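1. What follows is a protein structure lacking sequence information:
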């Protein structure tokens, strides 16, 4: 699971609403996966990123050199874009859990794939 | 006195496959590249010859880099219903537009294609020679000419009734071919990882084109299965997400779909499929998730949602359920530890899908999905609607004598507000589609067999 994905995921346990975001990340196995750098795609993603959630997740994984926020003129800032490319797309959580911050419910990640299934009782109507 | 011809007219030679899907594909692609679909022809129907006006050759070339419905495109220099009309039309084409391709330093070749008729070599040469009046000054080069010109003769569509003379003759400068070779190179037959209902390659590219997928888009498939639809989008440069309720399919484990193969191998999963075609960099993630209970935060981040939801026939339509809902004897999915029920009413599923698309698509983004239909009862009113989504196209593909599926394309035209998710409850429209719920029952019931029997006995 990439950190870009983590940034977009939210808990849908019944009753939590927006307090189900961001999911608390816990990783037991992480891999760095080189991905071809595409500055245009990374630049497109920057406005979609929730920075606090990204920084929290990056911190959990002890990542270094993570930008604190978008810089002025980031679309043309290759250094910034390369750092963001690495954080968002190259860090792959293979085993771990995502935890709903409100209800505590755990969603497992195995072989890089999060499992977000819930029982009917647990979900929003 | 020369008649003024419409400028920038092009002739598209279309493939005779998926007839209904062709026009929406071309329209979507033209709009993607800044053109607009304008034509002097009223309808195309079944014809493979389409004349359209395109603002520039660049747009025409971009169109051909994407289309799997069109074989080739030509800059149209003349056409007519007889050779004389064709020659008159050619004499009216502005000479200054011809000269750049005919000057003495250039090389060229003239080809002739006939449709629904075979000509002898002698007949072909005669027709090419008849064009001597054109100001060709360059040298003929049959092997590697700089410019290729084509005569196309249309002898209709009925192989049992071939006319003496063609209905239409066209002459133009060949510009580019379409992407029909993708159909073979991405064929499901050669794909590492397939499922019972993997989409035919041609249709998956058509879906990506109806969805106006472009480079650096994010495309999402909520019923991803083995990822076939993601492959087409990735080929066009989009980054892809998929979810599926079936743990085994997402992980690529369990029983194989190929004949003579028992279990899936280690190289059988969605990521491996993308890797097979050199598209792994476009793989974002796949998740095990119930499409009726989306796990995404509030916001708009998908440029397109392209999917083939289960119809409940070869793959089950499912959603997660509580303990009480599960009838006895239904297995729990051991990996996910969550009971998975086997009933998800089709109408609920489509309304969930439209709502999800309306919430998470960017403005202008598209939803492309298949809607299964029991043909004897189908009416246009049954196509699900949503206040934020505009219907762009609705193309039928027959599955059997009484069932078909329709490829529905919708575009988000209005920002989603919370009350929009309930509007379908206020509409009368929900009633006809609920009847549609019994698509699965009708398919499996004796109805189709009985009708087939009745038809057979009435023929005897």
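-> Arrived safely, thanks for sending. Since we're looking at a predicted model, the values are computed, not measured.

2. and residue B:273, which of the three is it?
-> helix (DSSP: H, G, I helix; E, B strand; the rest coil).

3. What score does it have for pLDDT?
-> At residue B:273, the model reports a pLDDT of 90.

4. Kindly report the same for the one 4 residues further on.
-> Taken from the predicted model, the pLDDT recorded for residue B:277 is 94.

5. how many other residues sit next to it?
-> Neighbourhood size, residue B:277 [other C-beta atoms under 10 Å in any protein chain shown]: 15. (C-beta placed from N, C-alpha, C; glycine too.)

6. The one 5 residues further on now?
-> Around residue B:282 sit 26 other residues, with neighbours defined as other C-beta under 10 Å.

7. Which residue is the nearest non-sequential neighbour of it?
-> residue B:234 (3.8 Å; C-beta to C-beta, 6 or more residues apart in numbering or on different chains).

8. check contacts around that neighbour.
-> B:240, B:274, B:277, B:279, B:282-283 (C-beta atoms under 8 Å, 6 or more residues apart in numbering or on different chains).

9. Of those, which is the nearest to residue B:414?
-> Nearest to residue B:414 among these: residue B:240, at 25.8 Å, using C-beta to C-beta.

10. ok, the closest one - contacts?
-> B:218-221, B:227, B:230, B:233-234, B:274, B:282-284.

11. for chain A, which helix is longest?
-> Scanning chain A for the longest helix, with DSSP state H as the assignment, gives helix A:51-60.

12. Looking at the contacts of residue B:234, which two lie furthest apart in space?
-> Greatest spacing in those, by C-beta to C-beta: B:240 and B:277 (12.3 Å).

13. Test for you: state the pLDDT assigned to the residue nearest to residue B:282.
-> Per the predicted model, pLDDT is 98 at residue B:234.

14. From chain A, how far out is it?
-> Distance from residue B:234 to chain A, counting by C-beta to the nearest C-beta, to the nearest Å: 12 Å.

15. That residue sits in which helix or strand?
-> Using DSSP states H and E, residue B:234 maps to helix B:228-235.

16. State the next helix or strand along the chain beyond that helix.
-> Toward the C-terminal end, the helix or strand that comes next after helix B:228-235 (DSSP H and E) is strand B:239-244.

17. report the angle between the axes of that next one and helix B:228-235?
-> If you take axes from the mean of the first three to the mean of the last three C-alpha atoms, to 10 degrees, strand B:239-244 sits at 170 degrees to helix B:228-235.

18. So for strand B:239-244, mean pLDDT?
-> On average, strand B:239-244 scores 96.

19. roughly how far is that strand from the heart of the chain?
-> Distance of strand B:239-244 from the chain centroid (C-alpha atoms, centre = their mean, to the nearest Å) equals 19 Å.

20. And stretch B:206-214, by the same measure?
-> Chain-centre distance of stretch B:206-214: 7 Å, with C-alpha atoms, centre = their mean.

21. How about stretch B:200-208?
-> Centre-to-centre, stretch B:200-208 and its host chain are 5 Å apart (C-alpha atoms, centre = their mean).

22. Do me a favour and average the pLDDT over it.
-> 94.

23. Now do the buried residues in that stretch.
-> By neighbour count on 16 or more other C-beta atoms under 10 Å in any protein chain shown, the buried set for stretch B:200-208 is B:201-208.

24. Next: stretch A:70-84.
-> Those would be A:70, A:74, A:77, A:80-81, A:83-84, for stretch A:70-84 by 16+ other C-beta under 10 Å.

25. Pull up the pairing partners for the strand or helix carrying residue B:408, direction included.
-> Residue B:408 is part of strand B:403-412, with elements assigned from DSSP H and E. Using DSSP bridges, strand B:403-412 pairs in its sheet with strand B:361-374 (antiparallel), strand B:389-398 (antiparallel).

26. Who does the closest residue to residue A:105 other than its chain neighbours form a beta bridge with?
-> Once flanking residues are discounted, residue A:105 sits nearest to residue A:13: 5.2 Å by C-beta to C-beta, 6+ apart. Judged by DSSP bridges, the bridge partners of residue A:13 are residue A:123.

27. How many neighbouring residues does residue A:13 have?
-> By other C-beta under 10 Å, the residues close to residue A:13 number 22.
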